[in-house]
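Visitor: the sequence and its predicted three-dimensional model are supplied below.
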Amino acid sequence: MNFAWKNKLLSAEDWALVKKFGRYFVPHRKWLYISLASIPITTAGGIVLLWLVEKIVDDHILTGDIAGLKLYTAIAGVVLVVNFLFDGLYSYSFSKAGGLAVTDMRRELFGRSLRFPMKYYDRNPIGITLSRLTSDMESITESFASGILGLLADSIRTLALSFYLVYLNWQLSLVVAIVVPLIMLTIRYLRKKIRKAFDESRTSLARSAAYLQESLYGMKTIQLYAATETAFRKYDGFNKQYADAQNKSNVYDGALYSIIDGITSVATALVIWYGAAQVWDLDYTIGVLIVFITTLGRLFIPVRQFAQQITTIQRALSALDHINVLARQEVEEAEVAAGSGFGDSDEPLELEEIVFDKVSFSYSDKGPDVLKNVSFTLRKGQRIALAGSTGSGKSTILRLLTRTYTGYRGSIRINGVELRDIPLNKVRNTISLMQQDIYLFNDTVGFNIGLGRTGTGPHEIEEAARFVFADRFIEQLPGKYDFTIQDNGDNISKGQGQLISFARAICGNSRLIILDEATSAVDSITEYYIQKAIEKIFASRTVIAVAHRLSTIRNSDLILVMENGEIIERGSHEELIRMGGKYAGLVKELV
Ligand SMILES: Nc1ncnc2c1ncn2[C@@H]1O[C@H](COP(=O)(O)OP(=O)(O)OP(=O)(O)O)[C@@H](O)[C@H]1O
């Protein structure tokens, strides 16, 4: 039993995973070294104790040497205390290394997930990512360090105790050796099953966490539409799947432990039976037999622990497999690439011109084109409005421009440079998006406007709020800019939320404002201020807007009318009205 076991315990892919994530332990190796250094000390201490027991029994108890008995018992006491201290140091330092490594891992993976492309979040429910960053990480903290290090420690202890057994009596050791292949076969057989069961249990836990998160988020809708029963049944289904998978892994886990326990008990019985006969024949002393059986007991502790550690390691590997999905996910390069010709700052571009040149786009490889050969030019200071029926592709144009989605065909150029060649941070600092569905964080009004971006201090935040007429209502809130907005804006009105989103867009001092105008109805006073804010933004900035208000559309220099992913009409309000086409029809509906 030595570390060559690794080939039986872990597959090549498992080792690749261990190596990949092992790098997180490198900065904290000091703790691993302390832990590793404690292993030979505690192992040696354990064997010295056994040797002392043999001496005490044979040389002092059986001979009635009380003075020697006292001396050796005192020495055994000291060895016991030293062993206890080093055992504590061993556990403390590996837990410390594991904790620090997993903290780093979580930090790095969250940092990456902030840069995952939108497509990733379209395809993966938030709850799945959440459970990878929380419960899977937790599972590694609990088990990875103790599993791998424990396996190493137990291998060393088993090896040392095996040598000691051979030294004590090689014939008895042969009796023990019979059970080794049996144990190995059991572990080999059950290892894969345990791993599969853990994989199932982790996947179903992630699914149930994702559903839980989704339903808590949509709780108001569930309650308002009396859909609680359906929601409950759906969750119950996920919960049952998780319980079943968990149960299966417990069964294999228990089976492995009991089979190994059974085999080791049989081995001990064989030793007692065979060993007692030999003592009878006076082949060796009773002290040797007692120590042999004690050593055997000690030897079987790590052997039994192997079973537990295999389970622990399989659980950690299954969690690592899940986390690896996040580690493999490509991120968007936000930094300014070296040699890109953009210098080393994220400063916004001095916008001159944006050109869409025969742009086509589909959300998925096999899906239909939702934009077809879209071409237009937006110059500095110009205002463009996108109009058209629902689903015609207006928001998609905005998403491509903000690089929320990539993979377009044709060309999108800012100041003559292809959009995909401009560093993401520069694009996002040049363009501000005022979204339809504004997301408000559970934080202060000030934070929700500035979002902690550079150059958005209290002065800039207040100025931005004043510019879009949001200061009026903010000044009346208790705590003003320090007023805490509840989950997604539950304690302010929809219109106030929109004004905050306008202030957020203005605050960045970006060169292009993109407005995805909300259609939701707001009270007439807020509507008045929203209109005034939009007019003011239109008068002072370069703007491209998906517009629903006639006033917004009329204020534009160019209106692009879209249908089915194509621009079917273009011109000013007057030109399009004169044309009497689709736009004229839309305007009739609006007035
Ligand atoms: N994330 C997505 N994945 C797949 N298809 C999408 C996605 N977002 C939008 N679509 C599809 O792309 C098409 C264009 O959608 P888009 O949101 O650009 O329309 P829109 O003109 O802005 O509509 P609205 O005025 O209702 O907001 C629609 O058919 C829509 O179903």
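Guide: It's in.
Visitor: how is this structure partitioned into domains?
Guide: 14-328, 353-590 (automatic domain parsing).
Visitor: among those, which comes closest to the ligand?
Guide: The ligand lies closest, by Cβ to the nearest ligand atom, to one member of these: domain 353-590, at 3.1 Å. For glycine as for every other residue, the C-beta is placed from the backbone atoms N, C-alpha and C.
Visitor: hmm, the closest one touching the ligand?
Guide: Yes - for a cut-off given as Cβ under 6 Å from any ligand atom, domain 353-590 has contacts with the ligand, namely Tyr363, Val370, Thr390, Gly391, Ser392, Gly393, Lys394, Ser395, Thr396, Val546.
Visitor: give the bridge partners for the residue nearest to the fifth one when sequence neighbours are not counted, please.
Guide: Going back to what we said before, that points to Ser392. Nearest residue to Ser392, sequence neighbours excluded (Cβ to Cβ, 6 or more residues apart in numbering): Met562, at 4.1 Å. Assessed by DSSP bridges, Met562 has beta-bridge partners Gly388, Ile567.
Visitor: per-residue pLDDT of the residue nearest in space to the middle of the chain, please?
Guide: Geometric centre of the chain, nearest residue: Leu133, 2.7 Å, by Cα atoms, centre = their mean. pLDDT recorded at Leu133 is 84.
Visitor: now it, what's its secondary structure?
Guide: helix (DSSP: H, G, I helix; E, B strand; the rest coil).
Visitor: count of neighbours near the nearest residue in space to Leu371 that is not next to it in sequence?
Guide: Of all residues not flanking Leu371 in the chain, Phe361 sits nearest, at 4.3 Å (Cβ to Cβ, 6+ apart). Using other Cβ atoms under 10 Å, Phe361 has 23 neighbouring residues.
Visitor: just list the residues touching Phe361, thanks.
Guide: Phe361 sits next to Asp369, Val370, Leu371, Thr396, Leu400, Tyr405, Gly407, Tyr408, Arg409 when contact means Cβ atoms under 8 Å, 6 or more residues apart in numbering.
Visitor: wait, the fourth one touches Gly367, no?
Guide: No - applying Cβ atoms under 8 Å, one finds Thr396 not in contact with Gly367, separated by 11.9 Å.
Visitor: the more surrounded of those two?
Guide: More crowded of Thr396 and Gly367, by other Cβ under 10 Å: Thr396, with 23 against 9.
Visitor: which strands or helices does the longest helix that the chain contains pack on?
Guide: Longest among the helix segments of the chain by residue count, using DSSP state H, is helix 228-280. On a contact count with 3 or more Cβ pairs under 8 Å, 6 or more residues apart in numbering; DSSP states H and E, helix 228-280 meets helix 170-177, helix 179-217, helix 286-328.
Visitor: Asp357: which element?
Guide: Here Asp357, judged by DSSP states H and E, is contained in strand 353-361.
Visitor: so in that sheet, which strands flank the helix or strand following that strand, and in what orientation?
Guide: Using DSSP H and E, the helix or strand that follows strand 353-361 in sequence is strand 371-379. Here strand 371-379 is paired, per DSSP bridges, with strand 353-361 (antiparallel).
Visitor: list the buried residues of the strand it pairs with.
Guide: For strand 353-361, a neighbour-count test (16 or more other Cβ atoms under 10 Å) marks Ile354, Val355, Phe356, Val359, Phe361 as buried.
Visitor: mind putting the domains of the chain into TSV with distance to Glu347?
Guide: As requested, these are exported to TSV (distance: least, Cβ to Cβ, whole Å):
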stretch	distance to Glu347
domain 14-328	20
domain 353-590	7
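Visitor: among these, which one carries the weakest average confidence?
Guide: The minimum mean pLDDT among the domains of the chain belongs to domain 14-328 (a mean of 81).
Visitor: which residues in the stretch 451-591 of the chain form strands?
Guide: Remark: strands assigned in the stretch 451-591 of the chain by DSSP state E, counting those that start in this stretch are 512-516, 542-546, 558-563, 566-571.
Visitor: make CSV out of these and add mean neighbour count.
Guide: Listed next are these as CSV, based on neighbours: other Cβ atoms under 10 Å:
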stretch, mean neighbour count
strand 512-516, 23
strand 542-546, 24
strand 558-563, 22
strand 566-571, 17
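Visitor: dump those into a markdown table; add distance to Ala269 as well.
Guide: Below are the strands of the stretch 451-591 of the chain laid out as a markdown table (distance: least, Cβ to Cβ, whole Å):
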| stretch | distance to Ala269 |
| --- | --- |
| strand 512-516 | 77 |
| strand 542-546 | 81 |
| strand 558-563 | 83 |
| strand 566-571 | 84 |
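Visitor: just give me how far stretch 565-581 sits from the chain centre.
Guide: Distance, stretch centre to chain centre, for stretch 565-581: 48 Å (Cα atoms, centre = their mean, to the nearest Å).
Visitor: could you do stretch 219-231 as well?
Guide: Centroid separation for stretch 219-231 versus its chain: 29 Å, with Cα atoms, centre = their mean.
Visitor: buried stuff in it?
Guide: Neighbour counts using 16+ other Cβ under 10 Å place Ile222, Ala231 of stretch 219-231 among the buried residues.
Visitor: contacts for it next, please.
Guide: Ser215.
Visitor: gap between the two ends of it?
Guide: Using Cα to Cα, to the nearest Å, the end-to-end distance of stretch 219-231 comes to 10 Å.
Visitor: renumber starting at 19 from here on
Guide: With 19 as the first residue, the last one maps to stretch 237-249.
Visitor: what helices or strands is the host helix or strand of Ser180 leaning on?
Guide: Element membership of Ser180 [criterion: DSSP H and E] is helix 155-186. The elements that helix 155-186 packs onto, with contact taken as 3+ Cβ pairs under 8 Å, 6+ apart, are helix 30-40, helix 47-73, helix 84-131, helix 188-195, helix 304-346.
Visitor: who in the stretch 69-218 of the chain is up against the ligand?
Guide: Residues of the stretch 69-218 of the chain lying close to the ligand by Cβ under 6 Å from any ligand atom are Asp140.
Visitor: ok, the closest residue to Ser519 other than its chain neighbours - contacts?
Guide: Closest residue in space to Ser519, ignoring its immediate chain neighbours: Ile456 at 3.9 Å, by Cβ to Cβ, 6+ apart. By Cβ under 8 Å, 6+ apart, the contact list for Ile456 reads Gly507, Gly515, Gln516, Ile518, Ser519, Arg522.
Visitor: ramachandran coordinates for Ile456?
Guide: Here is the backbone geometry of Ile456 (degrees, to the nearest 10): phi -80, psi 140.
Visitor: from Leu418, how far out is it?
Guide: According to Cβ to Cβ, to the nearest Å, Ile456 stands 20 Å off from Leu418.
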